[in-house]
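[1] Let's see this in three dimensions:
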Amino acid sequence: MSAIVIIPARYDSTRFPGKPLSLLKGKTLIQHVYENSQGAHLIEDVIVATDSETIFEKVLSFGGKAVMTDRSHPSGTDRIAEVATSIDYDIIVNVQGDEPLIRPQMIDDVIALLDDERASIGTLIKRITDTGEIMDPNIVKVVFDKDGFALYFSRSPIPYHRDEWKNLGQVTGHGSRVTVFKHIGIYSYRREVLLALSRMEPTELEKREKLEQLRALENGITIKIQETFFETFGVDTPEDLERVEKCLSTSL
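    Residues are numbered from 1 along each chain as shown. Alright, predicted model coming up:
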């Protein structure tokens, strides 16, 4: 199956305007994401989908490919779906434009998940080792069945370990039976599934949790998951940028 990475990149971030163009070790954030994505073995191309002429020109300036998309898209999923309508690939991989720590292996992993004919979408999870992340509503947790298909995503601590946690004030990551996984926001979609999903109305659980992936689950679309051991996180604020820079310095 043919696969392509599409990176949605919006200029007008509420908390960090112009975020994709912010500099990280001499390169823009979007260039880091683009070049890391190019290292994946199972893809044929990488494209940035943006609503900004400035981002568009910047991507072209470092030799990348970019397309202009409608400014009114409410989400990155809608933005990549617009691009997917005009290209002929079996699998579309959504790599967030604010994930400079994304690894090529992670992209290959989500693509390989769709070798399972039962899977419509692929994504990654990581075991939580920092207790603080369990209670952090910005860290999305996930539970899944015995075959590795997602059952639910939530900002709340799931599953709730009743024997170890007597109440929410006693939530810890310690104990042999305490296992909680967080969601890593990279997705592979079968093209027709992505296009169908973008045409669906937001669902009730999606609106309550503010999690787009719940729209898929509520409509019976299967999401297969795989555990990754790579750590990554998005850049939402200038402070996050400093944190990523330290991570990159440590890994050099």
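[2] Report all helices and strands that the longest strand anywhere in the chain contacts.
    Of all the elements of type strand in the chain, the one with the most residues (DSSP state E) is strand 181-190. Other helices and strands packing on strand 181-190, by 3 or more CB pairs under 8 Å, 6 or more residues apart in numbering; DSSP states H and E, are strand 91-94, helix 104-112, strand 121-127, strand 141-144. To be clear about C-beta, it is placed using only N, CA and C from the backbone, and glycine gets the same treatment.
[3] The longest one packs against which elements?
    In terms of contacts (3+ CB pairs under 8 Å, 6+ apart), helix 104-112 is packed against helix 29-38, strand 91-94, strand 121-127, strand 181-190.
[4] Serialize these to a markdown table and add fields for distance to Pro100 and mean pLDDT.
    Compiled in a markdown table, those are given as follows (distance: least, CB to CB, whole Å; pLDDT from 0 to 100):
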| stretch | distance to Pro100 | mean pLDDT |
| --- | --- | --- |
| helix 29-38 | 4 | 96 |
| strand 91-94 | 16 | 98 |
| strand 121-127 | 16 | 97 |
| strand 181-190 | 13 | 96 |
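[5] what about Ser156, how many residues close to it?
    Counted by other CB atoms under 10 Å, the residues lying close to Ser156 total 13.
[6] same thing with Arg71?
    Around Arg71 there are 12 other residues, counting by other CB under 10 Å.
[7] next one: Ser22
    Around Ser22 sit 16 other residues, with neighbours defined as other CB under 10 Å.
[8] Phi and psi next, for Gly64.
    Main-chain dihedrals, Gly64, degrees, to the nearest 10: phi -90, psi 180.
[9] How about the contacts made by it?
    In this structure, Gly64 makes contact with 31, 34, 46, 48, judged by CB atoms under 8 Å, 6 or more residues apart in numbering.
[10] Against Thr237, how distant is it?
    Here Gly64 is placed at a distance of 25 Å from Thr237 (CB to CB, to the nearest Å).
[11] ok, back up a step: deepest of the helices and strands packed on strand 181-190, which one?
    Of all the helices and strands packed on strand 181-190, strand 91-94 has the most neighbours on average by mean count of other CB atoms under 10 Å, namely a mean of 25.
[12] so how far is that strand off the chain centroid?
    Here the centre of mass of C-alpha atoms in strand 91-94, compared against the chain's by CA atoms, centre = their mean, to the nearest Å, lies 11 Å away.
[13] now swap in stretch 68-77 and tell me
    Put simply, stretch 68-77 sits 16 Å off its chain's centre (CA atoms, centre = their mean).
[14] Repeat that for stretch 149-167.
    In terms of CA atoms, centre = their mean, the gap separating the centre of stretch 149-167 from the centre of its chain is 21 Å.
[15] Which residues does it contact?
    118-119, 123, 134-135, 137-145, 168, 171-172, 174-175, 177-178, 180, 183, 209-211, 213-214, 217, 222-225.
[16] Which of these fall in strands?
    With strands taken from DSSP E, the overlap with the contacts of stretch 149-167 comprises 123, 141-144, 183, 223-225.
[17] From those residues, pick the one nearest Leu241.
    Comparing the ones in strands among the contacts of stretch 149-167 against Leu241 with CB to CB picks out His183 as the nearest, at 22.0 Å.
[18] That closest one is in contact with Thr123, isn't it?
    Yes. Between His183 and Thr123 there is a contact at 6.8 Å, judged by CB atoms under 8 Å.
[19] Report the set of residues contacting both of these two.
    Residues within reach of His183 and of Thr123 at once, by CB under 8 Å, 6+ apart, are Gln213.
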